[in-house]
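Enquirer: Based on what follows, work out the 3D shape:
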Amino acid sequence: MLANSLDQPKLPFASTNALLSWPPPLSDDASNSALSINYVPSKFSTTLLSSERPRRRKRRNDAGDFLSSRGGIEISDDEDGFTKGHKDSRNLRWNKFKWILFLANLLFTLYSLAILVITLLLWFDVFQLADVIRVGNKTELILSTLTAAFGLLTSVIGWAGILLNNRSFLATYTFLLWITFAFLVVPGYVTYKRRAFNLEGKLNLQWSRDLAETGRLRIQNKLACCGYFSPFVEATISQTCYSRSVLPGCKARYLNFERKVLDRWYLICFCIVPAHIAVMVAGLLCSNHVTRRFGKGMMPKAYRIGSHNMAAIVQNCANQLSEQYGLEVASTFLFKAESLKTVNPQNPIAPN
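Expert: Here you go, the predicted model:
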């Protein structure tokens, strides 16, 4: 009896099925049904239940973006939060999060590039005593070169994400910052451990077992010494180093040189660590806020509501209204829903 006295809703709010035939029959293609079809509001908008003419207005969120009546943010022509051709200069500026990320990546690029330049100069023997480092500190030099190269590559990915507003690049950049941090502390730890714990004994072992004759000769030529303790102890014969040479042994000069180099090495590494932690924090906090909009502002496709979904929702709402408030309220609800569709079918009115 209720079904016969109540007007049936029309498209796009209802199908040709009877009003009280709930739930609606499921289609063969389950992907056509939105996941938000089961949502039923407990309170109805005054726009639907009142007799006044609905007001056309749009709501803004805290960031200044227009909110759609269907939920979420209205889709603009691009990801920067403004429509192409829009003359509002406020939307064209970088926000504070993007500036923080820009400055942090600039700092990261500068010290990564500086480390890479220094290591390359050492490899190409530009400095006067660079050959001693290449022989005696080869492991530390390799680790530092890898750290600088990997850091520079990570910074390039960061620049791509910042300038293109690409959150996928920025997520990769933030993850690679942690790997760069591990690469950064390894050379510092290795050099500190070697400097702090029995450096003299380690140099004795290196000279007697690890260094070949070529390595000893290169150190002797650069430090102007002969042999380790004296020309008679583990010396490599050359034009300046022989049994009656007046040159001193290499131990004292090599030990003092290693102390200075290792001290500067681990101090530089550990001084960069606080700056790198700041860059990591900036990447974690700001990578999702490079534009005024969080994310892309689009509702997932599985949750978008079509005309057939609206028909099912309106049928369910009408059934609940008829059970709780009677047929008059349900009829008013269906009439208002149909009138909203007739007033502005392309731009739904935001509820009060």
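
Enquirer: what comes into contact with stretch 158-171?
Expert: For stretch 158-171, contacts defined as CB atoms under 8 Å, 6 or more residues apart in numbering pick out 79-80, 98, 101-102, 105, 108-109, 157, 172-173, 283, 287-288, 290-291, 295. Using the backbone N, CA and C atoms, a C-beta is placed for each residue, glycine as well.

Enquirer: Can you say which of those are buried?
Expert: 79-80, 98, 101-102, 105, 108-109, 157, 172-173, 283, 287, 290-291 (16 or more other CB atoms under 10 Å).

Enquirer: Going by distance to residue 210, which of these wins?
Expert: Of all the buried ones among the contacts of stretch 158-171, the one with the least separation from residue 210 (CB to CB) is residue 108, at 35.2 Å.

Enquirer: Now do the same contact list for that closest one.
Expert: Counting by CB under 8 Å, 6+ apart, residue 108 touches 151, 154-155, 158, 177, 275-276, 279.

Enquirer: just the helices in the stretch 51-200 of the chain please.
Expert: Remark: helices assigned in the stretch 51-200 of the chain by DSSP state H, counting those that start in this stretch are 89-92, 96-123, 130-136, 138-164, 167-196, 199-205.

Enquirer: Could you point out which of those sits nearest residue 226?
Expert: It's helix 130-136; of the helices of the stretch 51-200 of the chain, that one is closest to residue 226 (CB to CB) at 15.1 Å.

Enquirer: Show me the contact partners of that closest one.
Expert: The contact list for helix 130-136 (CB under 8 Å, 6+ apart) reads 121-125, 141, 203, 206, 211, 215, 218-219, 222-223, 254, 257-258, 261.

Enquirer: Could I have the buried ones of the residues you listed as PyMOL selection syntax?
Expert: The buried subset of the contacts of helix 130-136, as determined by 16+ other CB under 10 Å, is captured in PyMOL by this line:
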select buried, resi 122+141+203+211+215+218+219+222+223+254+257+258+261
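
Enquirer: follow-up on the earlier one: same list (the helices of the stretch 51-200 of the chain) but as JSON lines, adding mean pLDDT and distance to residue 312.
Expert: Putting the helices of the stretch 51-200 of the chain into JSON lines (pLDDT from 0 to 100; distance: least, CB to CB, whole Å) gives the following:
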{"stretch": "helix 89-92", "mean pLDDT": "55", "distance to residue 312": "38"}
{"stretch": "helix 96-123", "mean pLDDT": "93", "distance to residue 312": "41"}
{"stretch": "helix 130-136", "mean pLDDT": "91", "distance to residue 312": "75"}
{"stretch": "helix 138-164", "mean pLDDT": "93", "distance to residue 312": "41"}
{"stretch": "helix 167-196", "mean pLDDT": "93", "distance to residue 312": "35"}
{"stretch": "helix 199-205", "mean pLDDT": "91", "distance to residue 312": "77"}
